[in-house]
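[1] Make a model of this:
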Amino acid sequence: MITAMLLRGLDRRAVLFLIAMALIAVAVPVANLAFSPDHPLHVSTFYVTVGGKFLCYALLAVAIDLVWGFCGILSLGHAAFFGLGGYAMGMYLMRQIGDRGVYGHPELPDFMVFLSWEDLPWFWLGFDQFWFAMLMALVVPSLLAFAFGWFAFRSRVTGVYLSIITQAMTFALMLAFFRNEMGFGGNNGLTDFRDILGFDIRADETRAGLFVASAAALGLCLFLCSAVINSKLGKVLVGVRDAESRTRFLGYRVERYKLLVWTLSAAMAGLAGALYVPQVGIINPSEFQPANSIEAVIWVALGGRGTLVGPVIGAILVNIGKSFLTTAFPEVWLFALGALFVLTTLFLPRGVMGLMGRGRKGPPPEVPEPMPRAEPQPQSLGAAAAPTINRAPPKEDEEVALYLDGVSVSFDGFKALNDLSLVVEEGEMRAIIGPNGAGKTTLMDVVTGKTRPDKGTITFHQTTDLTRLDEAEIANLGIGRKFQKPTVFESHTVWNNIALALKAPRGPFATLVARTNTDERARIESVLDTIRLRHLSQRAAADLSHGQKQWLEIGMLIAQDPKILLVDEPAAGMTDAETAETARLLRRIAANHTVIVVEHDMDFIRDLDVKVTVLHEGAVLAEGTLDHVSADPRVIEVYLGRS
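    Numbers count the residues shown, from 1 in each chain. As a prediction, the model looks like this:
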């Protein structure tokens, strides 16, 4: 199953690039070893070593692209993982020196003898074995990333704040490794390597072998990343990047996805560091410098983040330029690097790979033909319904979908909800209206787990207290939410937006191997027919009109198959025809679901023909039909205004 998933995940661009990598991995060593130095096809060992180093940089760039380009995590600390992998390999190479060192000690490296260490530290044990060193080059960065991500992602640290603490992480490691008592060579680091796996590390054949190993590692990681990104798991990652809150409200545990891809990225960076060290011959604390992480981000930006192949190109191009400038004009390099980043941001926001996609944008979004406004349906509630200010608890034999009892929420002293009590019956469609600041959005926030109430209970189907659950748990329980501003995955097609919302296992490993079956395809097509977007199924969601995005988000709620739908201002920004169609759509949905609609458009509420609850200052002011609440003097005063 895993092998099939990996092969299925390769796209045409990845296949072509992997073929090119394989050819380079064969051609360069052959040109180095098979031809004499005076032959025109000969590649010198110097350039083989430089090429191998660039391939390690490219692997680091791919690792950063995996988290930044596809998951939206801008890391300024990947030099930490790269450096840890390098130190793991450096420790192995130091153990291989043995008694050939300056001081001739059979176990202790020269710097330990110089510092009067008597015994080999425990954390150096096992590094006389290559397999153990390679394992640690993957495990140690992964463990650090897992521990860091566990706290950061569970605490929902995002954006620039996350970037800053990743930079602080690598800076702290740099300071620690500078200390002699740490046992890693202090300022001088680890160097004077002699051999690897019994081969002379300076020999041409060894250098060619390291080049091949670097190319193979890069190809393998590109293969793995391409497979992950083209799986459902990869689509969820892009969803997190585009609309993290929407991903949570679809029932995905975002922190688990971030933690998985963050840890995988760290392992790849560690592998790059382990292959880098034997080719450059030294590893010291300068590899942890935050500037190195920032430079690696520039590689990704220049090549094109979110492309995998682009960062490889960016890393190689920037380092070719660096090799030239630091030799010819060393004082210019940092200025050139800064200028490169600014110019890339301004003129190449999609990087070098973005140039290949110019002129291939799809046609403009299609707008459905105007439809006649729907005739109001017969009133289903009596106009004389009495307002309900403090609703009594539901009786045991009542079928209640949602019950809020004495719910209060305060923000810096302002009471957004004030002892709010509300009962919504099973299968009912309820409209919530009220002036700005009345507590309508906060009501939805507390029901869906985004905000914790200060007091009160929220009971789902008279059995489950929602105040103890988070957004994903509530979504998986059967409560879907649409936001005021349509939040869809704009980088995905309309089809994939609905596919990601389908009710299915939400775990990272389940999505890694998931495939859309026949029943799920039929379900997606049914939802697309319901929201009238089937003809746009392969259109990117970003290219839809505002009204079509509203329908798409409603369709994503339908695909979740929830028991309760919370719909926040579905008619906002719509044309009259789109508003009428949205009202019809919600009435169809309400035939099989409980629906709560927040809206300001009174004509839209009248089209729905449902019971209306008026909120004011976080409490229920009135309830009944629209005609009834519209005639209430209190409602006229606080919401509708006096004529």
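
[2] contacts, neighbours, all on C-alpha from now
    Will do.

[3] All the strands of the stretch 101-250 of the chain, residue numbers only.
    Along the stretch 101-250 of the chain, the segments classed as strands by DSSP state E, counting those that start in this stretch run 190-191, 195-196, 199-200.

[4] In space, what's closest to Phe153 - neighbours in sequence excluded?
    Using Cα to Cα, 6 or more residues apart in numbering and skipping the chain neighbours, the partner closest in space to Phe153 is Glu255 (5.2 Å).

[5] isn't that neighbour right up against Val157?
    No. With contact defined as Cα atoms under 8 Å, Glu255 and Val157 do not form a contacting pair (10.2 Å).

[6] In terms of neighbours, single out the busier of those two.
    A count of neighbours by other Cα atoms under 10 Å puts Glu255 above the other of Glu255 and Val157, at 18 against 14.

[7] Give me the phi and psi angles of Gly251.
    Here is the backbone geometry of Gly251 (degrees, to the nearest 10): phi 100, psi 10.

[8] can you pull the pLDDT of it?
    Per-residue confidence at Gly251 stands at 95 (pLDDT).

[9] Name all residues that make contact with it.
    Taking Cα atoms under 8 Å, 6 or more residues apart in numbering, we find Gly251 in contact with 471-476, 506.

[10] Roughly how far does it sit from Gly270?
    Using Cα to Cα, to the nearest Å, one obtains 32 Å as the distance from Gly251 to Gly270.

[11] go on, Leu528?
    Between Leu528 and Gly270 the computed distance is 44 Å (Cα to Cα).

[12] Of those two, which one has the most company?
    Just comparing Leu528 and Gly270: by other Cα under 10 Å the higher neighbour count belongs to Gly270, 36 against 23.

[13] can you confirm that one is in a helix?
    Yes. Remark: Gly270 belongs to a helix, assigned using DSSP: H, G, I helix; E, B strand; the rest coil.

[14] Now it. Nearest residue, chain neighbours left out?
    Using Cα to Cα, 6+ apart and skipping the chain neighbours, the partner closest in space to Gly270 is Gly85 (3.9 Å).

[15] Pop out the phi and psi values for that neighbour.
    Backbone dihedrals for Gly85, given as degrees, to the nearest 10, come out at phi -60, psi -40.

[16] What of Arg194?
    Residue torsions, per degrees, to the nearest 10, at Arg194 are phi -110, psi -50.

[17] how about it, what does it touch?
    With contacts defined as Cα under 8 Å, 6+ apart, the neighbours of Arg194 are 93, 96-97, 200-202.

[18] ChimeraX command for the buried members of the residues you listed?
    Here is the ChimeraX command that selects only those of those that count as buried (16 or more other Cα atoms under 10 Å):
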select :93,96,97,201,202
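
[19] Out of the contacts of Arg194, the closest to Gly104 would be?
    Ile97 (9.3 Å; Cα to Cα).

[20] The closest one contacts Leu190, correct?
    No. With contacts defined as Cα under 8 Å, Ile97 does not count as touching Leu190, sitting 11.5 Å away.

[21] Would you mind pulling up the elements that the helix or strand harbouring Met444 packs against?
    If you go by DSSP states H and E, Met444 is part of helix 440-447. In terms of contact count using 3 or more Cα pairs under 8 Å, 6 or more residues apart in numbering; DSSP states H and E, helix 440-447 is assigned the packing partners strand 414-425.

[22] In terms of secondary structure, what does the helix or strand following the strand it packs on contact?
    With elements assigned by DSSP H and E, the helix or strand that comes after strand 414-425 is strand 429-433. Packing contacts for strand 429-433, counted by 3+ Cα pairs under 8 Å, 6+ apart, involve strand 594-598, strand 611-616.

[23] how many neighbours does Ala438 have?
    With neighbours defined by other Cα under 10 Å, the count for Ala438 comes to 23.

[24] where's it relative to Asp419, distance?
    Distance, Ala438 to Asp419, by Cα to Cα: 13 Å.

[25] who touches both of those two?
    Counting by Cα under 8 Å, 6+ apart, the residues touching both Ala438 and Asp419 are 618-619.

[26] so where's this protein uncertain?
    Counting by pLDDT under 70, the chain shows low-confidence ranges at 1-11, 357-398, 639-643.
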